[in-house]
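>>> with the input below, show me the fold.
(chains A and B)
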Protein chains: 2
Amino acid sequence: MIIAVTPNAALDITYRVDTLTPHASHRVTAMAQRAGGKGVNVAAVLTQLGHPVLATGWAGGAIGSQVLADLDARGIDHDFATSDGETRRTVTVVSREAGDATVFNEAGPPQTPDSWRALGEHLGRLVRATGATVVVLSGSLPPGVPAHGYAELVHLAHDAGAQVILDADGETLGSALSAGPDLVKPNRAELAAATGIPDLSGGVAALRARGARDLVVSAGADGMSWHRADGPALRAGLTEVLAGNPTGAGDACVAALAAGLAAGAPPADTLRDAVAWSAAAVLQPVAGVVDPDDVARLRAQILLEETS
Amino acid sequence: MIIAVTPNAALDITYRVDTLTPHASHRVTAMAQRAGGKGVNVAAVLTQLGHPVLATGWAGGAIGSQVLADLDARGIDHDFATSDGETRRTVTVVSREAGDATVFNEAGPPQTPDSWRALGEHLGRLVRATGATVVVLSGSLPPGVPAHGYAELVHLAHDAGAQVILDADGETLGSALSAGPDLVKPNRAELAAATGIPDLSGGVAALRARGARDLVVSAGADGMSWHRADGPALRAGLTEVLAGNPTGAGDACVAALAAGLAAGAPPADTLRDAVAWSAAAVLQPVAGVVDPDDVARLRAQILLEETS
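Residues are numbered from 1 along each chain as shown, chains lettered A, B, ... in the order given. Okay, the predicted model is just below:
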């Protein structure tokens, strides 16, 4: 069993409009909404590929109930802690014009030390009750939670007997390393930003010096590399370049890493899965979705090598 | 008792951002949300000025519960019919740049003939149960409701013994006239658009020919005029020009007209109130709010004349 934690989950709303014109009034021609957040995407991908996973985090108010109802509708098992405030929303406006979407991210209600402690206790109970062997911590922290908040969750998960995968960036990533997460998954830009070191091996060494053990670094179309604490580094990539939507590719990668750790699979097999699941996510218009047929087809097209 | 009907109520969400940049991602620095819709604003103003009023319309889903919770928080009595779909949202983005806000209006879920009939029956029961003497019909109709939908509500309200004030525009206004609403409240632009006739007396005559009885036509800073079926026309305006937020001024005007009709007040007194309430609304940053002190002060500054 894997537990996927999203401390800053959201209701992701998408509006389609004809043309986005600042300072004008727009008729929304189509609307979609779904539970969002990196850990939610991880849980969604694992669910689609048949791996037992439980999604958790905070949910509060009427928006929280919309998030949980969407998880129910998508068949994603969940057990969220309740929060005093309303779960936050994000609004993405998509128009017919060229260019990326226009996004408005609510911060969400500030959490208190008490509510953060309550989420930690909730997580500890879930790990023990389900016998989960892997905990995934994904994404940003809500306002009010100190940057070292993830370090506390790493300790709690370890105390409850689970390994921890961390997918965070910036100060949040840096301050969680001292707790010794078993695997961290930055992309190249996040690694460079967290360390101030542009080259891969220098960045990896810098995170190791601060407490990281294994690292999987994703580099978009250039594939990904697994820097192991106890073994040679591995690098894997696709033989074809895919065009598509990179949103959610990182979450699909993390989902594969979690599945591999939970199964005790050899790192080379897990890294192949991570590339294939991530590439399958690129072919989908929304995050948190993969087609199992794409996964199977893409997994046969992966080149893997030891790099050290 | 007055009943204020909002068939297309919404949860109005306001986001503040630093600068609105199409195709960029924005941090929302402040968020506010409240129950919205023209009839909700009418009920809010009447409540603030101490007039008994009941707000109704449709509410559905988690967003509907947020709308009703906001009405509770603002002390506005309400009794909404339930709807199968989720109540719609509007999102208004306000930035530090000059210019108006950028607005995204969800259409809301389509209503069916059955749900429209259910709202009508709900309204009829409310009028009889409360002994309401005035029903206010405000704003647009949701998708799926035919334009003549308001005509049915006018008949239902009349059958239940109440007078009807209608504040709608376009085809919705035009197709309700045959049912003989007691008072319609277009602004100058709505009157011209509904009739194709730019001048005031021509437009009034055209709406009369289609079934309108009394009309109050608002003209922004130029005041408003009451065109009576049985009596001379009246015109009233402020002696000072106010700068402010015109959103909600029309709803405050309608609230005053409803209060006057419910009290059986002389039209001259009611029109003075309509100008004063409307002007007080201009001084507020959001629709549906007036300060009673502003109302009292402004009411002393009104010029009123008979114009025919």
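
>>> who does the longest helix anywhere in chain A touch, helix- and strand-wise?
The helix that spans the most residues within chain A, counting by DSSP state H, is helix A:113-130. Secondary-structure packing of helix A:113-130 (3 or more Cβ pairs under 8 Å, 6 or more residues apart in numbering or on different chains; DSSP states H and E): strand A:2-6, strand A:53-59, strand A:81-82, helix A:149-159. Every residue, glycine included, has its C-beta placed from N, CA and C.

>>> and that helix with helix A:149-159, angle?
Angle of helix A:113-130 versus helix A:149-159, following axes from the mean of the first three to the mean of the last three Cα atoms, to 10 degrees, is 30 degrees.

>>> what's helix A:113-130 in contact with?
With Cβ atoms under 8 Å, 6 or more residues apart in numbering or on different chains as the test, helix A:113-130 has contacts from A:1, A:3, A:5, A:7, A:54, A:56-58, A:79, A:81, A:83-84, A:111, A:132, A:135, A:144-145, A:149, A:152-153, A:156-157, A:159-162.

>>> if we go to 7 Å?
Here helix A:113-130 makes contact (Cβ atoms under 7 Å, 6 or more residues apart in numbering or on different chains) with A:1, A:3, A:5, A:7, A:54, A:56, A:58, A:79, A:81, A:83-84, A:132, A:135, A:145, A:149, A:152-153, A:156-157, A:160-162.

>>> OK, contacts around the closest residue in space to residue A:243 that isn't next to it in sequence?
In this structure, residue A:243 finds its nearest non-sequential neighbour in residue A:282, 8.0 Å apart by Cβ to Cβ, 6 or more residues apart in numbering or on different chains. Going by Cβ under 7 Å, 6+ apart, residue A:282 touches A:242, A:244, A:245, A:246, A:249.

>>> and the third one, how close does it get to residue A:276?
What it means is residue A:245. Separation of residue A:245 from residue A:276 (Cβ to Cβ, to the nearest Å): 16 Å.

>>> between the two, which has more neighbouring residues?
Ranked by neighbour count (other Cβ atoms under 10 Å in any protein chain shown), residue A:245 and residue A:276 place residue A:276 first, with 25 against 15.

>>> sorry, back to before: partner strands of the helix or strand just after the longest helix of chain A and their direction?
Downstream of helix A:113-130, the next assigned helix or strand under DSSP states H and E is strand A:134-138. Each strand paired with strand A:134-138, and its direction, by DSSP bridges: strand A:2-6 (parallel), strand A:163-167 (parallel).

>>> whether the next helix or strand after the last one contacts chain B - can you check?
So the one you mean is strand A:163-167. Later in the chain than strand A:163-167, the nearest helix or strand by DSSP H and E is helix A:170-176. No. Judged by Cβ under 7 Å from any Cβ of the partner chain, helix A:170-176 stays clear of chain B, getting no closer than 14.2 Å.

>>> what comes into contact with helix A:170-176?
Residues outside helix A:170-176 that contact it (Cβ under 7 Å, 6+ apart): A:140-141, A:147-148, A:150-151, A:154, A:166, A:168, A:184, A:186, A:190, A:193-194, A:210.

>>> now the two most distant members of the residues you listed.
A:154 and A:193 (20.6 Å; Cβ to Cβ).

>>> these two: who's more crowded?
More neighbours surround residue A:154 than the other of residue A:154 and residue A:193, with 24 against 16 (other Cβ under 10 Å).

>>> quick one: residues contacting the closest residue to residue A:30 other than its chain neighbours.
The shortest distance from residue A:30 to any non-neighbouring residue, by Cβ to Cβ, 6+ apart, is to residue A:16 (4.1 Å). Counting by Cβ under 7 Å, 6+ apart, residue A:16 touches A:28, A:29, A:30, A:94.

>>> good, we can wrap up now.
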